[in-house]
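Chemist: When you get a sec, could you give me coordinates for this:
(chains A and B)
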Amino acid sequence: EVQLLESGGGLVQPGESLRLSCAASGFTFSNYAMSWVRQAPGKGLEWVSTISGGGGTTHYADSVKGRFTISRDNSKNTLYLQMNSLRADDTAVYYCAKSAMVRGANFDNWGQGTLVTVSS
Amino acid sequence: DIQMTQSPSSLSASVGDRVTITCRASQGISNYLAWFQQKPGKAPKSLIYAASSLQSGVPSNFSGSGSGTDFTLTISSLQPEDFATYYCQQYNSYPITFGQGTRLEIK
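Modeler: A predicted model of the protein is given here:
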């Protein structure tokens, strides 16, 4: 059974940093692309970033480019999102999502999410 | 960027009804279209990929169709557990984009 467990969310002040983690199990982690998708309170889904199975290819939404960095440690079956220069509009539940292939963003499984609140 | 537009934004229906939700892409995306279901306070659940293929474990009363720019999600006979918000998503090209969601409510 695929399991994705996010952690690292919390309350931070504007301009601060946070690193999210997503621990994966139940599948061969390195064979699949992984992504972060967020959802602001009461809003719809917003794609944030995707990383290929090997980690060599990354994509970012314009809204986070230059501030967020996606990475993965295939030896630890863990996906990360380093978030710097956080702003109030980054407040959201952040989900990690597994893709069905080594590249691309065809999501087949989702984690339960971790809440990030950016507020002074 | 490819814009995804869902209609309607909200829908009221009864158990047993047949409902259809439409998703339109601002440019052609072949069949690189997925549908997700989300219940309040829960993570999204993947329903359909490649426009018409059901994810494993998804009931057969869900179906998807379309190609190019126009897509539909159909629930053939609504069950109580189907009342939720539904999102379409294109994965043809980056940036990945979602529709704004369709809230399906009990009439």
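
Chemist: Please list the residues of chain B that sit near chain A.
Modeler: B:32, B:34, B:36, B:38, B:42-46, B:49-50, B:55, B:87, B:89, B:91, B:94-101 (C-beta under 8 Å from any C-beta of the partner chain). C-beta coordinates here come from the backbone N, C-alpha and C atoms, glycine included.

Chemist: where does chain A dip in pLDDT?
Modeler: Nowhere does chain A drop to pLDDT under 70.

Chemist: Point to the residue nearest the middle of chain A.
Modeler: The centroid of chain A falls nearest to A:Trp36 when counting by C-alpha atoms, centre = their mean (2.9 Å).

Chemist: Equivalent analysis for chain B, please.
Modeler: Closest-to-mean residue, chain B, C-alpha atoms, centre = their mean: B:Trp35 / 3.9 Å.

Chemist: If you count contacts, what does the one helix or strand that one maps to end up packed against?
Modeler: B:Trp35 is part of strand B:33-38, with elements assigned from DSSP states H and E. In terms of contacts (3 or more C-beta pairs under 8 Å, 6 or more residues apart in numbering or on different chains; DSSP states H and E), strand B:33-38 is packed against strand B:19-25, strand B:45-49, strand B:62-67, strand B:85-90.

Chemist: B:Gln55 versus the residue in chain B that chain A sits nearest to, what's the distance?
Modeler: Using C-beta to the nearest C-beta, B:Ile96 is the residue of chain B that sits closest to chain A, at 3.9 Å. Distance, B:Ile96 to B:Gln55, by C-beta to C-beta, to the nearest Å: 17 Å.

Chemist: Looking only at neighbour counts, state which of those two leads.
Modeler: Using other C-beta atoms under 10 Å in any protein chain shown, the more surrounded residue of B:Ile96 and B:Gln55 is B:Ile96, with 28 against 18.
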